[in-house]
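Trainee: Sequence first, then the predicted structure:
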Amino acid sequence: MNYDLLVIGSGPGGYVAAIRASQLGLKTAVIEKAELGGVCLNWGCIPTKSLLKSAQVFEYLTHASDYGIKIDGNAQADFSAMVNRSRGVADGMSKGIQFLFKKNKIDVIEGTAKLTADKKVEVTKKDGSTLRMEAPHVILATGARSRQLPNLPQDGEKIIGYRKALTLEKQPESMVVVGSGAIGSEFAYFYSTIGTKVTLVEYLDNIVPLEDEEVSKQLARSFKKAGIEVMVSSEVTKVDTSGKKVKVTIKTKKGEEVVEADVVLSAVGITPNIDGLGLEEAGVAVENGRIKVDDYYRTSVPGIYAIGDIVPGQALAHVASAEGIICVEKIAGHHPEPLNYGNIPGCTYTSPEVASVGMTEKAAKEAGYELKIGKFPFSASGKASAAGQKDGFVKLIFDAKYGELLGAHLIGANVTEMIAELVTARKLETTGQELIKAVHPHPTMSEAIMEAAAAAYGEVIHI
């Protein structure tokens, strides 16, 4: 068939781009070598959230007496049932993408794709046969995979990546998690909550190191209270897998320490999937390990585009989706606004949750701003008290001169559902005074946003 657009990869960048392209009248096909939905739906965002919900429910049950509820016998975590539920949720979401493709008349070609020197796409199918395709527009949306470190060679048994952590045959009694970004912190919370002894190791001075320092320190306190051993400013220098358990040598400020565990989870970032794409043959420029693109995701070769984890910018599902929409709208002759990478929300689904957007306090000071900063603790929130979830706070950072919201940093229950208000506020150039005057419903956790804004201007009521 003749296509206007070929999309290589069906993750949150690729499938969203394909659907939007179809809506705009472009005849579209998607080439996918594995499950529809990519890593996010099948091995990342969705199945991890399923496991985290299981952990949260288990946590509620173990603290039922705090809410005036008596449970006969002890609640037990059924690890295999949690994993099976997680896989079921992921499978359902993948089937949902299949339905959306049919609804939008998008063809799916199964196989591994690569670019050729004459700007065609060669697809190798599972049976070894090849298919050559061409279209005036090709979007590369191949995502990323778990990063491998030389001193942490993943063997799939004693040293694992995030994919294996989702489908372990049995729950380990102990685990060392290396890396405390979103992936590492979420798995640390999940396994610790259901009874695994977890040690979380971070090379930098704070866990979730991209977050505001106050948020990082609060999460560390919450983790320690929950029984997770947190080791910051620490580096794994050696891993011995010869015995029944793994011996992990960790270099700390106080010297070397050896921690024994059943399994080590390497969560030290991701690597873009650009190998084997035929970029060099096609003449597509790569810089610092990622494909070089302009504001509309055009590569150095006319008609070839790239989005998501394989281009510069935050490696997040919602970023890939936004990039895909902008890319195809430009292809279709529209005039989309380039993405503002300074207004991208980040979320970590631990307990308490973490959500942020914009500049940290440190970054704002380094940029030369005079600041007004407001904080409101959830310990002063009626809704948080009623929910029994008082850990955390909302921290808002304003430019003192114009009242612009420079950054928002939240840690607490359900804050990942609250951050969109602040993303919208920044998009609309809302000031601190406007946030104060925007009436928030009572009792809600979201009142803390209004109160934090008021605290920045000396008008806070409830603290």
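Mentor: Sure, I can see it.

Trainee: what sits against the nearest residue to residue 344 once chain neighbours are set aside?
Mentor: Computed as C-beta to C-beta, 6 or more residues apart in numbering, the closest residue to residue 344 that is not its neighbour in sequence is residue 314, at 5.3 Å. Where you see a C-beta, it was placed from the backbone N, CA and C, and this is true even at glycine. Residue 314 sits next to 341, 344, 346 when contact means C-beta atoms under 8 Å, 6 or more residues apart in numbering.

Trainee: same deal with residue 126?
Mentor: Counting by C-beta under 8 Å, 6+ apart, residue 126 touches 110, 111.

Trainee: which residues touch stretch 228-246?
Mentor: Residues contacting stretch 228-246 (C-beta under 8 Å, 6+ apart): 151-152, 155, 158-159, 174, 176, 178, 180, 188-189, 192, 197-207, 220, 223-224, 247-253, 256-257, 260-264.

Trainee: Identify each buried residue in that stretch, please.
Mentor: The neighbour-count check on stretch 228-246 (16 or more other C-beta atoms under 10 Å) flags 228, 230, 231, 232, 234, 236, 239, 241, 245, 246 as buried.

Trainee: Now go through those residues and say which are in helices.
Mentor: Judged by DSSP state H, the buried residues of stretch 228-246 include no members of helices.

Trainee: Can you add pLDDT and distance to residue 296 and give those residues back as TSV?
Mentor: What follows is those, written out as TSV (pLDDT from 0 to 100; distance: C-beta to C-beta, whole Å):
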residue	pLDDT	distance to residue 296
228	98	43
230	98	42
231	98	43
232	98	40
234	97	42
236	96	41
239	95	44
241	95	47
245	96	52
246	96	47
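
Trainee: Quick check: pLDDT value at residue 119.
Mentor: Per-residue confidence (pLDDT) for residue 119: 87.

Trainee: Tell me who's in contact with it.
Mentor: By C-beta under 8 Å, 6+ apart, residue 119 lies in contact with 134, 138, 282, 301, 303, 304.

Trainee: which of those tops the neighbour count?
Mentor: Taking other C-beta atoms under 10 Å as the neighbour criterion, residue 138 ranks highest of these with 25 neighbours.

Trainee: now that residue, what's its secondary structure?
Mentor: In three-state terms, and counting by DSSP: H, G, I helix; E, B strand; the rest coil, residue 138 is strand.

Trainee: hmm, back to that, which of the contacts of residue 314 lies closest to residue 6?
Mentor: Distance to residue 6 across these (C-beta to C-beta) is lowest for residue 341, with 26.4 Å.

Trainee: Quick check: that closest one vs residue 18, distance?
Mentor: As judged by C-beta to C-beta, to the nearest Å, residue 341 and residue 18 stand 23 Å apart.

Trainee: can you check residue 338 too?
Mentor: In terms of C-beta to C-beta, residue 338 sits 21 Å off from residue 18.

Trainee: returning to what we had before: who's more crowded, residue 341 and residue 18?
Mentor: Here residue 341 and residue 18 are compared on neighbour count by other C-beta under 10 Å; more neighbours surround residue 18, at 30 against 12.

Trainee: ok, that one touching residue 103?
Mentor: No - assessed by C-beta atoms under 8 Å, residue 18 is found out of contact with residue 103, at 11.7 Å.

Trainee: Summarise which helices and strands the longest helix belonging to the chain is packed against.
Mentor: For the chain, the helix that runs over the most residues, judged by DSSP H, is helix 79-103. Under the contact criterion of 3 or more C-beta pairs under 8 Å, 6 or more residues apart in numbering; DSSP states H and E, helix 79-103 touches helix 14-23, helix 38-43, helix 45-62, strand 107-110.

Trainee: quick revisit: the residue nearest to residue 344: which element?
Mentor: Using DSSP states H and E, residue 314 sits within no helix or strand.

Trainee: returning to what we had before: and the contacts of residue 119, which two are furthest apart?
Mentor: Spanning the widest gap among the contacts of residue 119 are 134 and 301, at 13.5 Å by C-beta to C-beta.

Trainee: Using the three-state scheme, assign the nearest residue to residue 346 once chain neighbours are set aside.
Mentor: Nearest residue to residue 346 in three dimensions, chain neighbours excluded: residue 356, at 5.3 Å (C-beta to C-beta, 6+ apart). Assigned state for residue 356: strand (three-state reduction, three-state DSSP).

Trainee: and stretch 278-292, which residues are buried?
Mentor: Applying a neighbour-count criterion of 16+ other C-beta under 10 Å, the buried positions in stretch 278-292 are 278, 279, 282, 284, 286, 290, 291.

Trainee: so the fourth one sits right up against residue 291, yeah?
Mentor: Yes - here residue 284 reaches residue 291: they are 6.2 Å apart, a contact under C-beta under 8 Å.

Trainee: Between those two, which contacts overlap?
Mentor: Counting by C-beta under 8 Å, 6+ apart, the contacts common to residue 284 and residue 291 are 299, 306.

Trainee: how much does the longest helix of the chain deviate in direction from helix 14-23?
Mentor: Angle, helix 79-103 to helix 14-23, by axes from the mean of the first three to the mean of the last three C-alpha atoms, to 10 degrees: 20 degrees.

Trainee: quick one: contacts of helix 79-103?
Mentor: 10, 15, 18-19, 30, 35-37, 41-43, 46-48, 50-51, 54-55, 106-108, 166-171, 194.
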